[in-house]
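Engineer: Sequence and computational prediction follow.
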Amino acid sequence: MSAGLRLAGYTRRYAGLLLLSVVLMAIMGAMTAARTLLIKPVISRVLQPSMDATPEPIFTIPLINHTIYLENLFPASIHNIFTLVAISILVIFLVRGACDYLGDYLTNYVGFRVVTDLRNQVFAKLLRHGADFFESNSTGRLMSSVMSDIERIQTACSDMFADLLRQTFSLIGLMIVVFGTDWRLALFAFLLLPFIMIPTAKLGSRIRRTARRTQDATGELNEVLQEAISGHQVVKAFGAEQYEAGRFRAAADRLLHVNMRKVLLQGIPSPFIELAGAFTFVWLLWYGRTEIQRGQLKAGDFMSFLLALLFLYEPFKRLTNLHNIFQQAIGASEKVFGYLDQPEEITSDPGAKTLKGFRDAIAYDGVSFQYPTAESKQLDDVTLRIGAGEIVALVGPSGAGKSTFASLLPRFRDPVAGAVKIDGVDVREISLASLRENISLVAQETFLFNDTVAANIAYGQAGADKTRLIEAAKAALAHDFIEQMPQGYETIIGERGLKLSGGQRQRLAIARAIFRNSPILILDEATSHLDNESEMLVQKALANLMTGRTVIVIAHRISTVRRADKIVVLDKGRIAEIGTHDELMALGGTYHRLHELQFAVADTPLDL
């Protein structure tokens, strides 16, 4: 299915409103054509009151050869020609204006609703994608598609679609007037039309390709902007303002180049239309003058014809420009539909089971994982059982597979071999919603939203109980500093929580996990960048969080490792050692080496 037809399919829900807008625009087009028909009685009767008061023919309908008289449209009591024409003008302009307004409103409403539905669908699709998708598509480019590309579609589906209906029905009405007045003259007037339409149609595909390049350039510009803003501290620390400004200028220049090429292509039909119109108008003036002198054509009929032809110029030129705009929208929709058509890496099976709590154990059964572009496996035939209520610490050198191991449990990724099971059920057989409802995550890089403290703690749970929320904050040792904030729990904490210190952000993330109250916790411990007091508070909050839960800790500090019931040492994707702290120290293997190395550098945090 073409992108245009697929986009049109989104209007099905609003077919009734769209049909009504089409009817209104059709009436508006008829009134546009009717304006030109009043020229004849104005010239022949209103401006010449001495003429015979014979019935005034307005228009002869082609094919059926039925003549419409102005007098027949009014009661017999109204017979003065000036009154008839004056009322006709007022009625035509009133009806035309009302239909244009209502039709434009309804068309824009449908267009905006369609684009809103599309934007919501695209965003929902993005949220369902797995980690691999976001690793292969930059944030700036995705934001460009959700906002800029859909904005182009919105322009075409709202304002431009209303204009399309307006100009189309005006064109149809005026064409009927022109051909009904003198079809031979009309045919000659449109002899040059194919020489304009064919090149315009061929330009459409080139404009569509240029539109796609414009979207790519816009995405590149957004990518540079997003990186520079998000990494503003790094930019300033390295004195790279000029470097980033240069990157932005280069991307902006590329966008300028493709935009100007688009403008160049869009403007090509306009001078041809102008020139063809000028030639046609000059010839018609000569022809009309000659035929009127010979008595073969009435001045009023010719003026109606000529005025209708002049009015045709605007809708014809507008439709040519609209064709180019719709080609850009189709180019944008192809890219948007490309995102929608990408298969989701992680999905729930149609008959997926619901995980109702966690009772027994988590089992990694011969699990292997390898990134698509990696040369070796991140996890290789890993088998491990984690009992309910156990605290299991993952340690090992950087790149050993600790984060990958933890990411398989909530199905951020799926293993390439083996299975991860909860209570004996493969997590791939459990619905994603119920699986993740039973797992809380406290990540190393705490992400908080630009919202209130309360909304961040109760994230994703509308109408949260305030008492329970405060209890979670107290357990995370966050209540005291929250109360000292200007609006307490209703204080906006800024993008990524930048108004808070590192320790405060960590404790809010812990409060969020406590409030969620899931039986399984994944903790990517991150206290290495905190001062001693903040680290002590976070460690106490973590201890409260881990109580009564099954915990997988990606451990970076020995203090956390000591509390673990089981320490799993990963090395090159395999389990090298398993045991308690004392057992592994006595073994004198990898764990002992990493432990001694950490203390050898004065307790500097090490990525164990």
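Structural biologist: It's in.
Engineer: domains of this protein?
Structural biologist: When the chain is parsed with automatic domain parsing, its domains come out as 3-341, 360-436+565-608.
Engineer: closest one to Ile510 among those?
Structural biologist: domain 360-436+565-608 (15.2 Å; C-beta to C-beta). All C-beta atoms are positioned from the backbone trio N, CA, C, and that covers glycine.
Engineer: returning to what we had before: how about the domains of the chain in a markdown table, adding mean neighbour count, distance to Ile457 and mean pLDDT?
Structural biologist: Output for the domains of the chain, formatted as a markdown table (neighbours: other C-beta atoms under 10 Å; distance: least, C-beta to C-beta, whole Å; pLDDT from 0 to 100):
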| stretch | mean neighbour count | distance to Ile457 | mean pLDDT |
| --- | --- | --- | --- |
| domain 3-341 | 17 | 21 | 78 |
| domain 360-436+565-608 | 17 | 18 | 86 |
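Engineer: Need those in TSV (columns: distance to Met485).
Structural biologist: Converted to TSV, those look like this (distance: least, C-beta to C-beta, whole Å):
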stretch	distance to Met485
domain 3-341	23
domain 360-436+565-608	29
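Engineer: quick one: which of these is nearest Gln461?
Structural biologist: domain 360-436+565-608 (13.5 Å).
Engineer: Tell me who's in contact with the spatially closest residue to Phe369 that is not a sequence neighbour.
Structural biologist: Nearest residue to Phe369, sequence neighbours excluded (C-beta to C-beta, 6 or more residues apart in numbering): Leu379, at 4.3 Å. Contact analysis of Leu379 by C-beta atoms under 8 Å, 6 or more residues apart in numbering lists 367-369, 401, 404-405, 408, 415, 573.
Engineer: what's the answer for Arg152, then?
Structural biologist: So Arg152 contacts 211, 215, 328-329, 332 (C-beta under 8 Å, 6+ apart).
Engineer: measure it to Ala419 for me?
Structural biologist: 45 Å (C-beta to C-beta, to the nearest Å).
Engineer: Now do the SS call for Arg385.
Structural biologist: strand (DSSP: H, G, I helix; E, B strand; the rest coil).
Engineer: from memory it sits against Asp360, does it?
Structural biologist: No - taking C-beta atoms under 8 Å as the definition, Arg385 is not a contact partner of Asp360, at 9.7 Å.
Engineer: before we move on, the earlier item: who wins for proximity to Lys540 among the domains of the chain?
Structural biologist: Proximity to Lys540 (C-beta to C-beta) singles out domain 360-436+565-608 among the domains of the chain, at 15.6 Å.
Engineer: sorry, back to before: from the contacts of Arg152, pick the one nearest Val395.
Structural biologist: Gln215 (45.9 Å).
Engineer: ok so, going back, looking at the contacts of Leu379, which are in helices?
Structural biologist: 404-405 (DSSP state H).
Engineer: Take the contacts of Arg152 and keep only those in helices.
Structural biologist: Taking DSSP H as the definition of helices, those contribute 211, 215, 328-329, 332.
Engineer: of those, closest to Leu142?
Structural biologist: For those, the closest approach to Leu142 (C-beta to C-beta) belongs to Gln215, at 12.2 Å.
Engineer: which ones are touching the closest one?
Structural biologist: By C-beta under 8 Å, 6+ apart, the contact list for Gln215 reads 144-145, 148-149, 152, 331-332, 335.
Engineer: Which pair of the residues you listed spans the longest distance?
Structural biologist: Ser144 and Gly331 (13.6 Å).
Engineer: From what I see, Lys421 and Asp365 are in contact.
Structural biologist: Yes - contact status for Lys421 versus Asp365: in contact at 6.3 Å, counting by C-beta under 8 Å.
Engineer: which helix in this structure runs the most residues?
Structural biologist: Longest helix in the chain, counting by DSSP H: helix 81-128.
Engineer: Which neighbouring elements make contact with that one?
Structural biologist: helix 15-37, helix 39-41, helix 150-157, helix 159-181, helix 299-341 (3 or more C-beta pairs under 8 Å, 6 or more residues apart in numbering; DSSP states H and E).
Engineer: Quick check: the spatially most central residue of the chain vs Arg119, distance?
Structural biologist: For the chain, Val146 is the residue whose C-alpha lies nearest the centre (C-alpha atoms, centre = their mean; 2.2 Å). To Arg119, Val146 is 7 Å away according to C-beta to C-beta.
Engineer: Now for Val115: which residues touch it?
Structural biologist: Val115 neighbours (C-beta under 8 Å, 6+ apart): 150, 153-154, 157-158.
Engineer: Please tell me how far it sits from Ser158.
Structural biologist: Val115 is 7 Å from Ser158, by C-beta to C-beta.
Engineer: repeat for Asp426
Structural biologist: Asp426 is 47 Å from Ser158, by C-beta to C-beta.
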